[in-house]
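>>> just coords:
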């Protein structure tokens with residue numbers, strides 16, 4: 001990946017709807033080579049997918065929760081089952097296998113406390129192998145960057 005590829009990626013991170021002509025202008029190339037580079041970056045896996053960032057309040061998901069999940073047993077079967085079950089839950093916006101005092105960190109978005117309580121009781125607590133869940137509720141989002149600065 002060279003400097004031009006990095007410029008292309010920066011433009012796409014800032015605006016995934018940018019058209020090829022705009023990306024070409026900002027990267028210093030003509031349209032055809034820009035299009036070819038984007039296709040190559042997609043094929044090589046640098047670009048995983050294009051998404052729209054939604055306003056959580058407007059879509060009725062104004063409460064964000066981080067759950068620290070500890071598993072009772074650290075066997076491959078329990079870990080794999082946990083990952084498989086979490087992947088099915090639409091309220092879970094992110095799941096991270098971490099080191100430290102707990103095993104997984106979940107980012108959850110829900111409408112209200114009742115919806116979170118239903119999630120915790122009916123969806124999370126039924127997953128085999130969980131020994132402890134600590135929930136932390138977001139009071140204010142200070143920074144949520146989606147742009148990676150490329151050197």
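Yep, it's here. Note that the structure is a prediction, hence the values are computed from the model and not measured. Numbers count the residues shown, from 1 in each chain.
>>> only C-alpha atoms from now on, for both contacts and neighbour counts.
Noted.
>>> show me where this protein has its helices.
3-14, 20-27, 31-43, 76-87, 113-118 (DSSP state H).
>>> who are the contact partners of the spatially most central residue of the chain?
For the chain, residue 94 is the residue whose C-alpha lies nearest the centre (CA atoms, centre = their mean; 5.0 Å). When contacts are counted by CA atoms under 8 Å, 6 or more residues apart in numbering, residue 94 touches 105-108.
>>> flag the shaky bits of the protein, pLDDT-wise.
151 (pLDDT under 70).
>>> residue with max distance from the center of it?
Relative to the centre of the chain, the most outlying C-alpha is that of residue 30, 32.5 Å out, by CA atoms, centre = their mean.
>>> quick one: closest of the helices of the chain to residue 147.
helix 3-14 (5.6 Å; CA to CA).
>>> who are the packing partners of that closest one?
Applying 3 or more CA pairs under 8 Å, 6 or more residues apart in numbering; DSSP states H and E, one finds that helix 3-14 contacts helix 20-27, helix 31-43.
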